[in-house]
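A.B. asks: Predicted coordinates and the sequence they were generated for:
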Amino acid sequence: MGEERSSKSAKALAVLLVLGGVVGIGVALLAGYQLAQAHWAYGLLMALLVALFAWSAVTGVRLWRGDPRGWKWAVILFAAQIPVLTIPGFTYEYFTGLAVKVLGGDVDGALTFGIGAGANVFVGGAAPGLAYGVNLVAVAALAWLLWRRPRPAVA
């Protein structure tokens, strides 16, 4: 029963990575095409986001199959989805699949939800103030992945 639940939980996290990755690729391609018409550098930045979301989808497939590389990269990708931060001159946020964000600082709401995919990286200029928070879905996913990670067999 424990292994079955573990497998189902890993597959649920894999679905978040795959579906969020696919949605992220589509959104980044559409935005990249529009932004590249303004300046080629925007297209290059969006290509990096396409690569990130593609890697998320590939990692989800590997996690679904039980591949140790999928597990390792899922830990890294979910850890990258935890922080939400905006300070003057810098903004960072990224999620695949689902986000439940608890926020503080200069924000409209202390609790926000996201479905699909999102990435927001901004450097330079004046950001709208200080905002900080965490994605609770990513925190739970990371905690579960670390708790249930496959351990090498002891001889």
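C.D. replies: Nice, thanks for sending it over.
A.B. asks: Three-state assignment for the spatially most central residue of the chain, please.
C.D. replies: For the chain, F95 is the residue whose C-alpha lies nearest the centre (CA atoms, centre = their mean; 2.9 Å). Per DSSP: H, G, I helix; E, B strand; the rest coil, the local secondary structure of F95 is strand.
A.B. asks: Let's see the pLDDT reported for it.
C.D. replies: Confidence at F95, expressed as pLDDT, is 96.
A.B. asks: With P152 instead?
C.D. replies: 68.
A.B. asks: same thing with R148?
C.D. replies: Confidence at R148, expressed as pLDDT, is 88.
A.B. asks: doesn't S9 make contact with it?
C.D. replies: Yes - counting by CB atoms under 8 Å, R148 touches S9, with 7.3 Å between them. All C-beta atoms are positioned from the backbone trio N, CA, C, and that covers glycine.
A.B. asks: re earlier: for the residue nearest to the centre of the chain, list each beta-bridge partner.
C.D. replies: Note on F95: beta-bridge partners by DSSP bridges are G118.
A.B. asks: and it, how far is that from G116?
C.D. replies: Distance, F95 to G116, by CB to CB, to the nearest Å: 9 Å.
A.B. asks: Buried ones in the helix or strand hosting A41, by neighbour count?
C.D. replies: Using DSSP states H and E, A41 maps to helix 40-65. The neighbour-count check on helix 40-65 (16 or more other CB atoms under 10 Å) flags 43, 45-46, 49-50, 52-53, 56-60, 62-64 as buried.
A.B. asks: And the strands in the protein, which stretches?
C.D. replies: Shown for the chain, the strands assigned by DSSP state E span residues 83-87, 90-105, 111-123, 131-135.
A.B. asks: Including distance to Q37, could these go into a markdown table?
C.D. replies: Shown next, in a markdown table, are the strands of the chain (distance: least, CB to CB, whole Å):
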| stretch | distance to Q37 |
| --- | --- |
| strand 83-87 | 27 |
| strand 90-105 | 23 |
| strand 111-123 | 20 |
| strand 131-135 | 30 |
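A.B. asks: to the chain's geometric centre, what's the distance from the lengthiest helix in the chain?
C.D. replies: In the chain, taking DSSP state H as the definition, the longest helix is helix 2-38. On the basis of CA atoms, centre = their mean, to the nearest Å, the separation between the geometric centre of helix 2-38 and that of its chain is 8 Å.
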